[in-house]
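S.K.: please work out how this folds:
(chains A and B)
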Amino acid sequence: MLSGLLDVALLDSVMRALIPILLAALGGMICERAGVFQISLEGLMLIGAFAAVAGSFAVGSALVGVLTAAVAGALVSLVLAYGTVTRGGDAIVLGVAINLLALGLTSFLIAQLFGVRGVFQDPGIVGLQRFAIPVLSDLPIVGSALFRLTPIATLALLLVPVLWVWLFRSASGTRLRGVGERPEAAATLGVNPVRTKYLAVAASGVLAGLAGAQLSLGNVVQFSENMSSGRGWIAVVAVLLGRAHPVGVLGACLLFGVAEGIGFRLQGQGLPSQITDALPFVVTLIALAVARRRFKRVLELTAA
Amino acid sequence: MSDTATVPAHRRLRQRLVHGLLDSPGATSIILALLVGVVMIAVTGNSPVEAYTAMVQGAFSGSGLRNTIARSLPIITMGVALAIPFRAGIINLGGEGQMVVGGLAGTLVAIELDAPSFLVIPAALVTGALAGAVWAALSAYGQTWLQLPILITSLLLNYPARALTGYLVRFPFADPTVTSSSTVPVPPSGQIPKLPLFGGVSAFILAVLVIVAVVSIVNRRSVPGYETAMSGANSRFSRYGGVDVTGQTVTTMLFSGAIAGMTGTYLVTGETMRFLDGDLVASQFAWTGLLVTLLARHRPWTILAAGVFFAALQSGGLAMQRTTDIPWQLSQVLQAVVIVAIASGFVLRWRRDGGAPVDATGRVETERPTDDAPVGEL
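M.R.: Residues are numbered from 1 along each chain as shown, chains lettered A, B, ... in the order given. All right, here's what the predicted structure looks like:
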């Protein structure tokens, strides 16, 4: 059974599931480190998915689509930054509202701009090409799954070590962590906490936007209503489980990616899709229970 | 509030109207949202006046009023359901899952139980409530036993709830005569009747009024009501003061899930008559209810008013979609903008004298009772 499960196709579907969650979670991690609780990843990802398709369709270029997604994600994320950082509002309330705003806005725009309901599919939408890294992509089994990816997927994987070094070895990364852990002390040392938090939230908007672009231009080439379908929430959990550390976050995302990949495979073997769809969420819940981390910060935020 | 006794009645009324309505963050946010709507309609090449006229007419005239009231019922009950834990500082994002699981359980009773209506309908609603409570209990005990935040687990459990009910109506409880994943229709004995009110509104409206009234009275007049408000304001103080915060977490979540499950049952046995996979999720009543609770700051009678308002936005939006070519999702956007604006603490300053329902920075305490209002008044 296992030998039938583990092969190139499985690795490929794991990567398809992993990349969007990983990008969004890395964005959430940056916010967490800056002391902003970011639960609007789901909505930002959806905005990104829509903007990517809209941009690609309008200009006929996948690159433009990707850039549109990044900009749109950043712009919408500023609603969260303004509400929490400038106005002192509740990050959870704002996050929930932004998720619903994104759902309404994308459903409104798909009908208004493209005159369709539910799904927008058109040969005019240019999808992302996969490119092969020479030599490495010829490796057996892992080669094509790991080294023949969309540029966004390659970026996501590279970001893990880059963010690791940046957070813990660079001056600006240390400042970011300072703002999250000791805002007053950071301010005393001349770091502007407001600017830092805005940048962190905008970065999460860009990354979640790219995650959406990977969904709508990489995994498939279309936009469908609510296509983020819970991935942004899994990313939120990945930040918690991975303790806002790039390697931990990658590990958590990998767990969900494998769960989804195996689910996809089992569906191919005749298991009802309703059961396999639930698999990543059930695995997430089990992982939370097994880890039994004391999620003090979240519990304090929810004041229980 | 003590000075109001010395003010003449007409001035008191004016104060209440001006301060309570115009000056509230709610009014400011609604005005702001409507302005955002104007921009969105204009940018997409339509007339805002025409669109809003169509919306208001669609929401209140002719069969519009009936549609608005029918739509408001599940929004209000979901609002109250989520308000119960929310008042104690617990955020239940799992209303959808609790509604869906309860909805299917209640529907199955309404289909299978061979008895007269006066037995079947209550049995179905109670079963729905129990199933919803069980689903909510998973999150509640997850927090009290394993320290897993309810915020996260309740949300995640929405997806297995969808999958589980989807599986059940696709296979064991499927109607073999239709291609969609759906139960058989609820027989007449299990259907909640309509009342000759506003041109045919479900009798569930009585349950809605009872739920709102009971929750309001419990909040104002009972020890648990006082204790939940205290926990919402400051859970550490509450614990120190002898409140069983753990028990409270479980209890409020159970009631929350129960009302959500009952709402799900009503939506099938009172409206659609079949549990169709994805139907209850697509309705988004759970999320609209959450927004309503946020707008009403978890006060039951205010939830009723806010629920009718959001229902009017939605039924008006659907009517607008029919007469103009503006998608009704505009209403969803407006709802979300209202809450973004409220959470960001936008308040128009109409008032010149003191007494602020918001604190000095203009920030609104969204998840806690306000400082100025005595707990007894919540």
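S.K.: contacts and neighbour counts: CA atoms only from here.
M.R.: Noted.
S.K.: what ranges does chain A have for its strands?
M.R.: Applying DSSP state E to chain A gives strands spanning A:119-120, A:131-132, A:148-149, A:223-224.
S.K.: so can I have CSV of the ones you listed showing mean neighbour count?
M.R.: Formatted as CSV, the strands of chain A follow (neighbours: other C-alpha atoms under 10 Å in any protein chain shown):
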stretch, mean neighbour count
strand A:119-120, 18
strand A:131-132, 16
strand A:148-149, 22
strand A:223-224, 23
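S.K.: select, out of those strands, the one closest to A:Leu26.
M.R.: Distance to A:Leu26, taken as C-alpha to C-alpha, is lowest for strand A:148-149 among those, at 18.7 Å.
S.K.: in its sheet, what does the closest one sit against?
M.R.: strand A:131-132 (antiparallel) (DSSP bridges).
S.K.: can you list the residues that contact the partner strand?
M.R.: A:Ser144, A:Phe147, A:Arg148, A:Leu149, A:Thr150, A:Pro151 (C-alpha atoms under 8 Å, 6 or more residues apart in numbering or on different chains).
S.K.: where exactly do the strands run in the stretch 101-250 of chain B?
M.R.: Using DSSP state E, counting those that start in this stretch, the strands of the stretch 101-250 of chain B run over residues B:194-195, B:201-202.
S.K.: report the strands that pair with the first one, each with its relative direction.
M.R.: Read it as strand B:194-195. strand B:201-202 (antiparallel).
S.K.: where does the chain have low pLDDT?
M.R.: Went with chain A since none was named. Within chain A, the stretches with pLDDT under 70 are A:1-6, A:141, A:293-304.
S.K.: looking at chain B here, not the other one
M.R.: B:1-7, B:15-23, B:348-378.
S.K.: just give me the longest helix of it.
M.R.: Among the segments of chain B that qualify as a helix by DSSP state H, the longest is helix B:117-146.
S.K.: for burial, what's the neighbour tally of residue 28?
M.R.: I'll assume chain A. Neighbour count of A:Gly28, defined by other C-alpha atoms under 10 Å in any protein chain shown: 34.
S.K.: correction: the question concerned chain B.
M.R.: By other C-alpha under 10 Å, neighbour count at B:Thr28 equals 20.
S.K.: so it versus chain A, what's the distance?
M.R.: 15 Å (C-alpha to the nearest C-alpha, to the nearest Å).
S.K.: distance of that residue from A:Leu101?
M.R.: 18 Å (C-alpha to C-alpha, to the nearest Å).
S.K.: what does B:Val245 give?
M.R.: Separation of B:Val245 from A:Leu101 (C-alpha to C-alpha): 33 Å.
S.K.: with neighbour numbers in mind, choose between those two.
M.R.: Neighbours per residue (other C-alpha under 10 Å) separate B:Val245 from A:Leu101, with A:Leu101 holding more: 27 against 20.
S.K.: surely that one meets B:Ala341?
M.R.: No - at 11.9 Å, A:Leu101 does not count as touching B:Ala341 under the criterion of C-alpha atoms under 8 Å.
S.K.: what's the end-to-end length of stretch A:111-125?
M.R.: Using C-alpha to C-alpha, one end of stretch A:111-125 lies 16 Å from the other.
S.K.: grab the nearest non-local neighbour of A:Ile275.
M.R.: B:Ala163 (6.1 Å; C-alpha to C-alpha, 6 or more residues apart in numbering or on different chains).
S.K.: I misspoke; the intended subject was B:Ala42.
M.R.: Using C-alpha to C-alpha, 6+ apart, the closest residue to B:Ala42 is B:Pro48 (6.2 Å).
S.K.: mind checking how far the one you found is from B:Ser61?
M.R.: On the measure of C-alpha to C-alpha, B:Pro48 and B:Ser61 end up 19 Å apart.
S.K.: between those two, which one's more packed in?
M.R.: B:Pro48 (18 against 13).
S.K.: surely the more buried one and B:Leu34 touch.
M.R.: No - using C-alpha under 8 Å, B:Pro48 makes no contact with B:Leu34, being 9.8 Å away.
S.K.: and stretch A:31-39, does that touch chain B?
M.R.: No - Stretch A:31-39 stays clear of chain B (C-alpha under 8 Å from any C-alpha of the partner chain), getting no nearer than 9.9 Å.
S.K.: tell me how far the ends of that stretch are from each other?
M.R.: Per C-alpha to C-alpha, stretch A:31-39 runs 10 Å from first to last residue.
S.K.: using PDB, write out every CA atom in stretch B:39-57.
M.R.: Extracted C-alpha coordinates of stretch B:39-57, given in PDB (Å, rounded to 0.1, in the frame of the first residue of the first chain):
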ATOM      1  CA  VAL B  39     -18.100  54.400  -5.200                       C
ATOM      2  CA  MET B  40     -18.200  50.700  -6.100                       C
ATOM      3  CA  ILE B  41     -21.500  51.100  -8.100                       C
ATOM      4  CA  ALA B  42     -20.300  54.200  -9.800                       C
ATOM      5  CA  VAL B  43     -16.900  52.800 -10.700                       C
ATOM      6  CA  THR B  44     -18.500  49.800 -12.400                       C
ATOM      7  CA  GLY B  45     -20.600  52.100 -14.500                       C
ATOM      8  CA  ASN B  46     -24.000  52.100 -12.800                       C
ATOM      9  CA  SER B  47     -26.200  54.700 -11.100                       C
ATOM     10  CA  PRO B  48     -25.900  54.600  -7.300                       C
ATOM     11  CA  VAL B  49     -29.300  56.300  -6.900                       C
ATOM     12  CA  GLU B  50     -30.900  53.700  -9.100                       C
ATOM     13  CA  ALA B  51     -29.200  50.900  -7.300                       C
ATOM     14  CA  TYR B  52     -30.000  52.000  -3.800                       C
ATOM     15  CA  THR B  53     -33.600  52.800  -4.800                       C
ATOM     16  CA  ALA B  54     -33.900  49.200  -6.200                       C
ATOM     17  CA  MET B  55     -32.400  47.900  -3.000                       C
ATOM     18  CA  VAL B  56     -34.700  49.800  -0.600                       C
ATOM     19  CA  GLN B  57     -37.800  48.900  -2.700                       C
END
